[in-house]
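Participant: Here you go, sequence then predicted model.
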Amino acid sequence: MQKQYLTFTLDNTIYAAEVSSVQEVLEYENPQPLPCPDPVIRGIVRSRGKSISVINTRRKFGLADCDPGPETRIIVFEIPDDEQGIVNCVGAIADSVLEVLEIDTEAIEPPPPAGHSEASKFITGISDKDSRFIIILDIAKLFSIKELTNITSFAEAAKEK
């Protein structure tokens, strides 16, 4: 079975999320900062008449910060909250958005057991295109309501272990 994935980059690594979880892709604008001690939360932007929390995805993944460039985008994801029966939106900063790919689900490999244990909770599989790995993310787990209310970066979680 084929599924569509939006591909994007962070630190020269290609990631993918199911298109069904994407509401829209926004041109980058500096989010309005919030009085929030967590450096993963970059601030808020307004889209479609709603305030949307924006996550510094690089920090979330334990990567070094970099200045936004002309290709930087904010991907607005829809995150279901099954307990409350609603859908929340969260923005994730990406270095660039590449394309929508159709990937055969049978061609997706499970993630290898090695690697950062916190990160592996959100990786559903690995695919490839043109000899480059594509890391497929489970956006609902990556930005779950529980995660957003108790947000921490992978780097901070690793320091605690």
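Facilitator: Nice, I can see it.
Participant: Just list whatever residues bridge to the residue nearest the centre of the chain.
Facilitator: Centroid check for the chain by Cα atoms, centre = their mean gives residue 92 as the closest residue, at 5.4 Å. Applying DSSP bridges to residue 92 gives these bridge partners: residue 55, residue 75.
Participant: Now do it against residue 30, distance only.
Facilitator: 15 Å (Cβ to Cβ, to the nearest Å). Where C-beta positions appear, they are placed from N, C-alpha and C, glycine not excepted.
Participant: low-scoring pLDDT stretches of this structure, where are they?
Facilitator: 114-119, 145-161 (pLDDT under 70).
Participant: how about a cut-off of 50?
Facilitator: 151-161 (pLDDT under 50).
Participant: Okay, strands next: where are they in it?
Facilitator: For the chain, applying DSSP state E gives strands covering 2-10, 13-18, 22-27, 41-47, 50-55, 73-81, 86-94, 96-104, 123-129, 132-137.
Participant: Report how many residues lie close to residue 41.
Facilitator: Residue 41 has 20 neighbouring residues, counting by other Cβ atoms under 10 Å.
Participant: Next: the one 4 residues further on.
Facilitator: Residue crowding around residue 45 was assessed by other Cβ under 10 Å; the count is 19.
Participant: my guess is it contacts residue 91, does it?
Facilitator: Yes. Using Cβ atoms under 8 Å, residue 45 is in contact with residue 91, at 6.1 Å.
Participant: Need the residues touching each of the two.
Facilitator: 26, 31, 52, 54, 74 (Cβ atoms under 8 Å, 6 or more residues apart in numbering).
Participant: Leaving out sequence neighbours, find the closest residue to the first one.
Facilitator: What that stands for is residue 26. Of all residues not flanking residue 26 in the chain, residue 74 sits nearest, at 4.4 Å (Cβ to Cβ, 6 or more residues apart in numbering).
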